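Give me the fold of what follows.
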Amino acid sequence: MTPFRKMQGLGNDFAVFDARTAPIPINSEQAKKLADRHFGIGCDTLVVILPGGAKADATLRFFNADGGEVGACGNATRCVARLLMDERGLARVQLESNGGTLLCSDAGKGLVTVDMGEPGLDWQKIPMSEARDTLQFQFDLEGRMLTASAVSMGNPHCVLFVGDADKAPVAQIGPLIENHPLFPQRVNVEFAQVLDRSRIRMQVWERGVGITLACGTGAAATAVAAIRKGMIDRKVELILDGGSLTLEWREEDGHVLMTGPAVTSFMGEVDLARL
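The predicted structure is shown next:
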């Protein structure tokens, strides 16, 4: 039997496997089965913690619920950072992933801050299939023209600013935008309503997952897009279905800081050989 830890950040939930001391050979098909909420553990994303090497305390692999491996997951990074800081009595840890190296620190009161680095703003970094101004562009969705912004936070995001985020057709057009030809690696989709200069209400359709209660990289991408458009100040509260995150796009170095909770729900064991 292989032990795992179920964790969550604002209801965005993860099955976390620790492979730092012994290999855990999880592939995409196994990850999909483990993420199934009826026949598996049930999670939005599966996380494997690997040894970090010389420059990081650990390396992370992320598999979304459809089994696809992705480069970044902000809420999951925050959860693993909490785990490692508590385990080793540290105030900060550095984590490596395919999306880059992230410095995480204890923000007090159970909160963790993740320095997510600089956002990718060039159309090729998103990536998009053709040259577009990522600040604002239009694209056709089944005969309807939509206006959006695009940001990479180690994974691709398409941000749509709407009048009422609670009434946004997330389930209807989220999967259509996710699989739009403009986004060759598919895309996460955020529906954002600016409430004032310091607050945004957001719902999200996650690539390979669907509707989730929160998305850390999506919150970061939304904050960056809104700041670029002059809609908010550089520090903002993102209000998601599962709760709130604080995002700051630091002017001095261009790094995005995300602060929020990280909680262990329960521990368990699973027989990977039976998958």
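
Contact partners for the residue lying closest to residue 189 once chain neighbours are set aside?
Closest residue in space to residue 189, ignoring its immediate chain neighbours: residue 205 at 4.3 Å, by Cβ to Cβ, 6 or more residues apart in numbering. Glycine gets a C-beta too; all of them are placed from N, C-alpha and C. Contact analysis of residue 205 by Cβ atoms under 8 Å, 6 or more residues apart in numbering lists 170, 171, 174, 175, 177, 178, 188, 189, 190, 191, 211.

what number of residues lie near the last one?
The local packing count at residue 211 equals 15, with neighbours defined by other Cβ atoms under 10 Å.

That one should be in a strand, yeah?
Yes: counting by DSSP: H, G, I helix; E, B strand; the rest coil, residue 211 is part of a strand.

max-length helix in this protein?
helix 74-88 (DSSP state H).

roughly how far apart are the residue nearest to residue 189 and residue 26?
25 Å (Cβ to Cβ, to the nearest Å).

now do residue 96
18 Å.

Repeat that for residue 247.
For residue 247 relative to residue 26 (Cβ to Cβ), the value is 31 Å.

Next: residue 15.
Counting by Cβ to Cβ - residue 15 and residue 26 are separated by 10 Å.

which residues of the stretch 151-275 of the chain fall in helices?
170-178, 216-228 (DSSP state H, counting those that start in this stretch).

Any buried residues in the first one, and which?
Spelled out, it's helix 170-178. 170, 173, 174, 175, 177, 178 (16 or more other Cβ atoms under 10 Å).

will you turn the residues you listed into CSV that also has distance to residue 162?
Below are those laid out as CSV (distance: Cβ to Cβ, whole Å):
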residue, distance to residue 162
170, 10
173, 11
174, 12
175, 17
177, 13
178, 17
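
quick one, what contacts the closest residue to residue 247 other than its chain neighbours?
Closest residue in space to residue 247, ignoring its immediate chain neighbours: residue 223 at 3.9 Å, by Cβ to Cβ, 6+ apart. When contacts are counted by Cβ under 8 Å, 6+ apart, residue 223 touches 200, 232, 236, 238, 247, 248, 249, 256.

Of those, which is the nearest to residue 104?
Nearest to residue 104 among those, counting by Cβ to Cβ, is residue 256 at 13.1 Å.

Spell out which residues make up each domain of the protein.
The chain resolves into domains spanning 2-108, 137-260 when parsed by automatic domain parsing.

of all the ones you listed, which lies closest to residue 268?
That would be domain 2-108 among these, by Cβ to Cβ, at 5.7 Å.

quick one: that closest one to chain centroid distance?
Domain 2-108 sits 12 Å away from the centroid of its parent chain (Cα atoms, centre = their mean, to the nearest Å).

All set now, cheers.
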